[in-house]
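Chemist: Based on what follows, work out the 3D shape:
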Amino acid sequence: MLIVLVLLVLMLPYTGIVLLYFLQEEYEWLVNGNYSLIPFMLYTVFLVAFFSAFFIRQRKPITEGTKLDVAAYSPNLRYVTFAIFVILLIVMVPFQGLWVLGGEVTKEHVRQMGPFHAFFTKYLSPSLLAYVCLWHRFHPNKESRNAVIFSIVSVLLIGAATGGKASAIQIVLPGVIALYWDRMNFWAFLRLVLISFCLVVVAGLMFDSFLEGDLFDAVLYILYRAFILTAELPYAVPLQLIDDEMQFSYLPTLMEIFGKSNIKLFVGMDEVYQYGFSMAVSAAQYPDMVSAVSSGEWNMTPNIFVEGLLFFGLYGFIVFGLIAGYFVAVVLDYIKKSVAKRRYDLGAMTITYFVFVLLSWLNSAGIVQLVHPLMLISMGVTYFILQPGMSKRGFVYVKKAA
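Modeler: Got it, this is the predicted structure:
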């Protein structure tokens, strides 16, 4: 299932590039007829490099090592579900998530939580949910089933309270991955994709006022964003590099690791865009939108293909594809190894990393997000919060070959 998600993220813009080729008249401002097949060919080469490195790394056998003796400990699921409930209360009341769901205030009120927003919605809540689901997947009982139901509903509400169309889906995705671990077939995955798409459409109707409640427009808008908008930069950037029209400096974007709010303390508002990859690419593509990009009101979505082109150039982007494919394989192998060793805490956290960090990087690029300090601190705190949930004896582990 994990590799299918990777394939889905990478294939959306790839499909969009094909659509742009057949819709040249409607997108003539973007599509250059003289080079219309070049982005498709370059992206194909990139995908071949990515998946070649991925499957070469996947051929390495996974050694399970020692396992936790399941008979010697039991998870404190009540502690985990109580922690999820506390997060739900914090998001709903102090940060006005309840009013967001009621449409009385905008989603920006919840996002004023700052770093706590990312901590609760991207790391802690999904990791707690994934842990409960992993335990139920391999050691099901009545208590774990009730914990899964409560956790999924609560985490769905936490995600929906942010107001983002995909938030409620993405925040429960680690739990779904854990719940269907190693038993997801094609039809089950297709059902999940269709359900997710319907939920995104419903969220769009609820939170995007410009759709005016029109279902047909909502579906077209979601499809447009999924295919055409994600393909715009992968299509335009290689053509601009070939024509030597792309003015872009990659190294300053690595400063994004210090955080946008911190960078603002040292540079002017109109210069912030230079220190974030997606912002810098968006500004380079649309110079007249610099103010909107810097303020966070608008930006485009480059993916790792675009980052590879701007980092290594037209003759070296294949290297970036090889590195990316190998790294993704390493992360997926670590998840499998953690689950095989019954270290469900590490497995749950790495699944969350895969969903919120790795897939985000594949989709929107910016390599610094793979090691961002806020993410590392959030994951560290999440690890310590999870530990009492591993055993009714607290931090005690009993390791024994199984």
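
Chemist: And the next helix or strand past the one helix or strand residue 191 maps to?
Modeler: According to DSSP states H and E, residue 191 maps onto helix 186-207. Next helix or strand after helix 186-207 toward the C-terminus (DSSP H and E): helix 215-223.

Chemist: Show me which positions of that following helix end up buried.
Modeler: 218, 219, 221, 222 (16 or more other CB atoms under 10 Å). Heads up, the C-betas are built off the backbone N, CA and C, glycines and all.

Chemist: cool, stretch 150-159 as well?
Modeler: Neighbour-count burial for stretch 150-159 [16+ other CB under 10 Å]: 151, 152, 154, 155, 156, 157, 158, 159.

Chemist: Among those, which ones are in helices?
Modeler: 151, 152, 154, 155, 156, 157, 158, 159 (DSSP state H).

Chemist: so who does the third one touch?
Modeler: Going back to what we said before, that points to residue 154. Taking CB atoms under 8 Å, 6 or more residues apart in numbering as the contact definition, residue 154 lies against 81, 84, 85, 87, 88.

Chemist: how does it look with 7 Å?
Modeler: 84, 85, 88 (CB atoms under 7 Å, 6 or more residues apart in numbering).

Chemist: so which of these is the most crowded?
Modeler: When the contacts of residue 154 are compared by neighbour count (other CB atoms under 10 Å), residue 84 ends up highest, at 22 neighbours.

Chemist: Was I right to think that residue contacts residue 125?
Modeler: Yes: using CB atoms under 7 Å, residue 84 is in contact with residue 125, at 6.4 Å.

Chemist: Mind listing the shared neighbours of these two?
Modeler: residue 155.

Chemist: biggest separation within the buried residues of stretch 150-159, which pair?
Modeler: 151 and 159 (12.3 Å; CB to CB).

Chemist: nearest spatial neighbour of residue 197, skipping sequence neighbours?
Modeler: The shortest distance from residue 197 to any residue other than its chain neighbours is 7.1 Å, reached at residue 222 (CB to CB, 6 or more residues apart in numbering).

Chemist: Now name the helix or strand holding residue 52.
Modeler: Residue 52 belongs to helix 38-58, assigned by DSSP H and E.

Chemist: Could you tell me the average pLDDT over that helix, please?
Modeler: Averaged over helix 38-58, pLDDT sits at 93.

Chemist: Check which helices and strands it sits against.
Modeler: helix 2-22, helix 230-242, helix 304-312, helix 317-340 (3 or more CB pairs under 7 Å, 6 or more residues apart in numbering; DSSP states H and E).

Chemist: Just the CA atoms of the last one, as CSV, please.
Modeler: I take that to be helix 317-340. Taking C-alpha atoms only, helix 317-340 is exported to CSV below (Å, rounded to 0.1, in the frame of the first residue of the first chain):
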residue,chain,number,x,y,z
PHE,A,317,18.4,15.5,-12.3
ILE,A,318,18.6,11.7,-12.7
VAL,A,319,21.0,11.6,-9.8
PHE,A,320,18.3,13.3,-7.6
GLY,A,321,15.8,10.7,-8.7
LEU,A,322,18.1,7.9,-7.7
ILE,A,323,18.8,9.4,-4.3
ALA,A,324,15.1,10.0,-3.7
GLY,A,325,14.0,6.5,-4.7
TYR,A,326,16.7,4.9,-2.5
PHE,A,327,15.7,7.1,0.5
VAL,A,328,12.0,6.3,0.1
ALA,A,329,12.9,2.5,0.1
VAL,A,330,15.0,2.9,3.3
VAL,A,331,12.0,4.6,5.1
LEU,A,332,9.6,1.9,4.0
ASP,A,333,12.0,-0.9,5.0
TYR,A,334,12.3,0.7,8.5
ILE,A,335,8.5,0.7,8.8
LYS,A,336,8.3,-3.0,7.9
LYS,A,337,11.2,-3.8,10.2
SER,A,338,9.6,-2.0,13.2
VAL,A,339,6.3,-3.7,12.7
ALA,A,340,7.9,-7.1,12.3
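
Chemist: Run through who's touching that helix.
Modeler: The contact list for helix 317-340, computed with CB under 7 Å, 6+ apart, reads 2-3, 6, 45-46, 49-54, 57-58, 62, 64, 134, 181, 304, 307-309, 311-312, 346-347, 350-351, 354, 358.

Chemist: cutoff 6 Å now
Modeler: Helix 317-340 has contacts (CB atoms under 6 Å, 6 or more residues apart in numbering) with 2, 46, 49-50, 53-54, 57-58, 62, 64, 304, 308-309, 311-312, 346-347, 350-351, 354, 358.

Chemist: Kindly report the same for the shortest one.
Modeler: Taking CB under 6 Å, 6+ apart as the criterion, the residues outside helix 304-312 that touch it are 43, 46, 233-234, 237-238, 248, 250, 317, 319-321, 324, 362, 365.

Chemist: what about the helix or strand harbouring residue 375, distance to the chain center?
Modeler: Residue 375 belongs to helix 373-390 when elements are defined using DSSP H and E. Offset of helix 373-390 from its chain centre (CA atoms, centre = their mean, to the nearest Å): 18 Å.

Chemist: and it, which residues are buried?
Modeler: Judged by neighbour count (16+ other CB under 10 Å), helix 373-390 contains these buried residues: 374, 375, 378, 379, 382, 385, 386, 388, 389, 390.

Chemist: of all the residues you listed, which comes closest to residue 92?
Modeler: For these, the closest approach to residue 92 (CB to CB) belongs to residue 385, at 19.4 Å.

Chemist: contacting residues for the closest one?
Modeler: Counted by CB under 6 Å, 6+ apart, residue 385 has zero contacts.
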